[in-house]
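K.L.:
can't give you the sequence, but here's the structure:
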């Protein structure tokens, strides 16, 4: 039972490069999310997806692109990385079922932009 | 927009003692969920406890319980018999009821809890 996985776990890149962070879930949850975690801000939503081919912006979407061609995958792309995008990125999926309403998180990807 | 406030950045507790972590939130919604997540040094986000706003009874999960005061918009977490493994950052989070944009979590800034041996 793999649950939700992210790759890579650690990434160092340079300003201006394109970077893609991968997220895969095995539960067939409809909803998936990308959050970033920064000191002093907690976790903030970047993008979310309600189903395959349905995505929408969250609180801090600028500089990011997402896609969802398959239910189980939700990649996040930084088109031209900037230093302000140095952060820890978490993918999550949602089990929305009344009293079992929960979001499950992947292990995170630590990204350093030099 | 919803906001979640965790005003205490750090707390410390002696092993085996009880500690309470505070959280307040602001919303005009009547139906929603509240959560506490734990983030240990591994950085994995782990669900600790969930509360449905329509339930008056406070949620409990083993050593973890909440004090949910809907009118006061307060949602504190009590950890009983604290263990060294409870050392972590704890986040309070809010989610509206329903789908679409309602399904996102709004987090507080977190509190770092240290359990002393």
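P.N.:
Yep, it's here. Just so we're clear, the structure is a prediction, and the values are computed from it rather than from any experiment. Numbering: from 1, shown residues only, chains lettered A, B, ... in the order given.
K.L.:
The spatially most central residue of chain A: which element?
P.N.:
Nearest to the mean C-alpha position of chain A, by CA atoms, centre = their mean, lies residue A:34 at 2.8 Å. Per DSSP states H and E, residue A:34 falls inside strand A:31-38.
K.L.:
Could you list every helix and strand in contact with that strand?
P.N.:
strand A:19-25, strand A:42-51, strand A:87-95 (3 or more CB pairs under 8 Å, 6 or more residues apart in numbering or on different chains; DSSP states H and E). Placement of C-beta: from N, CA and C, glycine included.
K.L.:
let's go with 10 Å and repeat that
P.N.:
strand A:19-25, strand A:42-51, strand A:54-57, strand A:64-66, strand A:87-95, strand A:102-105, strand A:109-113 (3 or more CB pairs under 10 Å, 6 or more residues apart in numbering or on different chains; DSSP states H and E).
K.L.:
Enumerate the beta-bridge partners assigned to residue A:36.
P.N.:
Beta-bridge pairing of residue A:36 under DSSP bridges involves residue A:44, residue A:89.
K.L.:
I'd say it and residue A:62 touch.
P.N.:
No: using CB atoms under 10 Å, residue A:36 makes no contact with residue A:62, being 11.7 Å away.
K.L.:
Between these two, point out the one with more neighbours.
P.N.:
residue A:36 (24 against 9; other CB atoms under 10 Å in any protein chain shown).
K.L.:
quick one: pLDDT of that one?
P.N.:
Residue A:36 is assigned a predicted lDDT (pLDDT) of 97.
K.L.:
same check, this time on residue A:99
P.N.:
58.
K.L.:
Let me see the ranges of the strands in chain B.
P.N.:
B:3-5, B:10-14, B:19-21, B:24-26, B:32-39, B:46-52, B:60-61, B:64-69, B:74-79, B:88-96, B:106-107, B:111-116 (DSSP state E).
K.L.:
Thanks a lot, catch you later.
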